[in-house]
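> Need the 3D shape of this:
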Amino acid sequence: MAGRVLVQPFPLPEAVRAQLPGGLLEVPLDEGVKCLADVLEVVDLTYPEIHVRYALIALNGQMAPLDTPVGDGDRVMILPNVVGGL
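Have a look, this model is predicted:
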């Protein structure tokens, strides 16, 4: 399977910013990348500073479970898990 998934982490860690022009990481779709969990594994191995384990994940603007299949041109957003209150 050919193609790529674009990954945009928010906020982009300072240590990674210089390595990702435009703030986007491209993950190629190959035999090992079939779902969101696979994409996040590639991101975690490449840029552990992004802390995908503690993030909320959106696929094409919608929150999605990690077993959701990904396809060419999909956009994954990695959002910080924010806790708040009084």
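> switch to C-alpha atoms for all contacts and neighbour counts from now on
Noted.
> end to end, how far does stretch 19-30 reach?
End-to-end span of stretch 19-30 (CA to CA, to the nearest Å): 22 Å.
> After the helix or strand of the chain with the lowest mean pLDDT, which helix or strand is next?
Of all the helices and strands that make up the chain, helix 14-17 has the lowest average by mean pLDDT, DSSP states H and E, namely a mean of 80. For helix 14-17, the following helix or strand on the C-terminal side (DSSP states H and E) is strand 25-28.
> Report the buried residues of the next helix or strand after that next one.
The helix or strand immediately downstream of strand 25-28 is helix 36-46, counting by DSSP H and E. By neighbour count with 16 or more other CA atoms under 10 Å, helix 36-46 contains the buried residues 36-40, 43.
> thinking again about what came up before, contacting residues around the least confident helix or strand of the chain?
Counting contacts by CA atoms under 8 Å, 6 or more residues apart in numbering, the residues outside helix 14-17 that touch it are 23, 47, 49.
> of those residues, closest to residue 80?
Taking CA to CA as the measure, residue 80 lies nearest residue 49 of the contacts of helix 14-17, at 12.4 Å.
> before we move on, what SS does the closest one have?
When states are read from DSSP: H, G, I helix; E, B strand; the rest coil, the local structure at residue 49 comes out as helix.
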